[in-house]
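In: Kindly return the folded structure for what I paste below:
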Amino acid sequence: MRTAPLAVAVVVVAALATACSATGRESAPPGPVEIGAVPTLTTVKDRTLPIEAYLLNGRQTAQLQSAVGTLETRCMARFGFDYRPPQPDLQSPVTQTARRYGVTDPSEAASLGYHAPAGFSRAKEPATGLSAEGQQVLTGGGTPDRPAATPGPAVRGQAVPAGGCIGEAVAKVHPDRGLQEAELADRINSGDYERSLQDARVKDVFAKWSGCMKDKGYTYGTPLDALNDRRWATDSPSREETETALADQECAARHNVVGVWFTVESAMQRHDIDARAEALKKVKDSNEAALRRAAQVASGS
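Out: Numbering: from 1, shown residues only. Next up is the predicted model:
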């Protein structure tokens, strides 16, 4: 199945990453943001957005997931349970720009259409196979997504930590995950994406793209309309889908849709980052500390 064009979903315990707020807006400038020269771009695979310095990318998130999983296994073993958590997806895209602006690679368009490349889909989380007692130890009486906030009753003569082994593991890797500023980077990431869709310069290239698509026999108002066409919600791409995606990519390249869109959104993000620099530094420091702890777990220390 195809996936959404925004940031790739991650599977750790929900506490590891705060959810993006699609409506978040941070200190929006009173008028159109200044952008300077617009580069001609057909892809942004080699580009990063300014906000990415304050976000965990797919591989970094997988590193945290792996460390948390290792600590969960150790914790469960203390209680006599053999537990192996789902393995993280180590093929997740490294940057936020992958598929963010639609299909930009003609070879992907020809082979996949609007379906996601490998690494975009989350693996199905297998059943734990744990008894009720084991689940109590794992989650502290909550669920894997929402571990209990307070210590649970003792199991096998040992006190269950708050949040169970999940809570204990996450707290060791990312103890300040509840940092008040933690959602700020996510809000900028998602909010400026949404705001860029309303920018006059982006709308202008969308209109040109739409006209180009119409000349090729397709009726879509924006690249997102083509991406989200319900006809593509299939297990594999059809010939019609790949032909549409190729036309989409060709029209986007002709009118520099990616160059304009990326430049506008980047300028919006830089404005918001400058306005909240101190808070974002806390987020960056917190993420870097968590990655150091994850590396220590991976090394066995």
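In: Assign Ala154 to helix, strand or coil.
Out: Secondary structure, DSSP: H, G, I helix; E, B strand; the rest coil: Ala154 is strand.
In: Give the burial count for Lys281, as a bare number.
Out: The tally of other residues near Lys281 (other CB atoms under 10 Å) stands at 12. All C-beta atoms are positioned from the backbone trio N, CA, C, and that covers glycine.
In: Can you give me the pLDDT of it?
Out: Lys281 is assigned a pLDDT of 95 by the prediction.
In: roughly how far apart are it and Asn189?
Out: For Lys281, the distance to Asn189 (CB to CB, to the nearest Å) stands at 17 Å.
In: and whichever strand or helix holds Lys172, how far out from the chain's middle?
Out: Element membership for Lys172 (DSSP states H and E) is helix 164-173. Taking CA atoms, centre = their mean, to the nearest Å, one finds helix 164-173 lying 22 Å from the centre of the chain it belongs to.
In: which residues sit against that helix?
Out: Under the contact criterion CB atoms under 8 Å, 6 or more residues apart in numbering, helix 164-173 has outside partners 12-13, 15-16, 64, 67-72, 75-76, 79, 83, 136-142, 144, 147-149, 152, 161-163, 177, 290, 293-294, 297.
In: Filter those down to the ones in helices?
Out: 64, 67-72, 75-76, 136-139, 290, 293-294, 297 (DSSP state H).
In: Run through this structure and note the low-pLDDT ranges.
Out: 1-30, 90-94, 118-128, 144-145, 148, 177-180 (pLDDT under 70).
In: Now do the helices in it.
Out: Under the criterion DSSP H, helices of the chain are mapped to 58-78, 106-112, 132-139, 164-173, 182-196, 200-215, 223-227, 239-254, 257-275, 277-298.
In: send the alpha carbons of the shortest one over as CSV?
Out: This file holds the C-alpha atoms of helix 223-227, laid out as CSV (Å, rounded to 0.1, in the frame of the first residue of the first chain):
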residue,chain,number,x,y,z
PRO,A,223,0.5,17.3,-7.0
LEU,A,224,-1.1,16.1,-3.7
ASP,A,225,-4.3,15.4,-5.5
ALA,A,226,-2.5,13.1,-7.9
LEU,A,227,-0.6,11.4,-5.0
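In: thinking again about what came up before, and the helix holding Lys172, what's buried?
Out: Across helix 164-173, burial judged by 16 or more other CB atoms under 10 Å covers 164-173.
In: Including distance to Arg239, could those residues go into TSV?
Out: Output for those, formatted as TSV (distance: CB to CB, whole Å):
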residue	distance to Arg239
Gly164	50
Cys165	49
Ile166	45
Gly167	49
Glu168	52
Ala169	47
Val170	46
Ala171	51
Lys172	51
Val173	46
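In: re the thing from before, return the angle between stretch directions for the helix holding Lys172 and helix 132-139.
Out: Angle between the axes of helix 164-173 and helix 132-139 is 20 degrees (criterion: axes from the mean of the first three to the mean of the last three CA atoms, to 10 degrees).
In: Can I get helix 164-173 in PDB, CA atoms only?
Out: What follows is helix 164-173 as a C-alpha-only set of coordinates in PDB (Å, rounded to 0.1, in the frame of the first residue of the first chain):
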ATOM      1  CA  GLY A 164       6.700  -1.700  33.100                       C
ATOM      2  CA  CYS A 165       9.900  -2.700  31.300                       C
ATOM      3  CA  ILE A 166       8.900  -0.400  28.400                       C
ATOM      4  CA  GLY A 167       8.700   2.600  30.700                       C
ATOM      5  CA  GLU A 168      12.000   1.700  32.300                       C
ATOM      6  CA  ALA A 169      13.800   1.200  29.000                       C
ATOM      7  CA  VAL A 170      12.500   4.500  27.400                       C
ATOM      8  CA  ALA A 171      13.400   6.400  30.600                       C
ATOM      9  CA  LYS A 172      17.000   5.100  30.400                       C
ATOM     10  CA  VAL A 173      17.400   6.000  26.800                       C
END
